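1. Could you work out the structure for the sequence below:
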Amino acid sequence: MLLRDQGDPAGSETALNQSQAIFQALGDALWTARVLVSRASLAERRGADPAPLTGEARALCRERGIASEEKITSALREW
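-> Purely as a prediction, here's the structure:
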């Protein structure tokens, strides 16, 4: 997020992809979902559609038992 906010989208994308790989390897679905939301934010800043990444993140939350939209939104709030 810091790289993204500092105007380094390429560095941000690299860092987020690496973060996602780490959290997936650890089996941490919630942090994987949070990274997906950060990737969606970056995609939106680049003019791409963030919906697929956001949808995937929300689906991961539902799979882990976070059912209400309010709780999903809270869980995925940028950290």
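2. what ranges do the helices span in the chain?
-> With helices called from DSSP state H, the chain shows them at 2-5, 9-26, 29-45, 51-63, 69-76.
3. okay, those, which one's buried deepest?
-> helix 29-45 (a mean of 20; mean count of other Cβ atoms under 10 Å). For glycine as for every other residue, the C-beta is placed from the backbone atoms N, C-alpha and C.
4. any idea of the mean pLDDT in that one?
-> In this model, helix 29-45 carries a mean pLDDT of 94.
5. same check, this time on stretch 70-79
-> Computed over stretch 70-79, the average pLDDT equals 88.
6. now stretch 52-62
-> 97.
7. For that stretch, C-alpha coordinates in CSV please.
-> What follows is stretch 52-62 as a C-alpha-only set of coordinates in CSV (Å, rounded to 0.1, in the frame of the first residue of the first chain):
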residue,chain,number,x,y,z
PRO,A,52,-13.2,-9.7,-10.2
LEU,A,53,-10.6,-9.2,-7.4
THR,A,54,-13.1,-7.8,-5.0
GLY,A,55,-15.5,-10.6,-5.8
GLU,A,56,-12.9,-13.2,-5.2
ALA,A,57,-12.0,-11.6,-1.8
ARG,A,58,-15.6,-11.5,-0.7
ALA,A,59,-16.1,-15.1,-1.8
LEU,A,60,-13.1,-16.2,0.4
CYS,A,61,-14.7,-14.5,3.4
ARG,A,62,-17.9,-16.3,2.8
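8. how distant is it from the center of its chain?
-> A distance of 9 Å separates the centroid of the chain from that of stretch 52-62, by Cα atoms, centre = their mean, to the nearest Å.
9. Thank you kindly, that will do.
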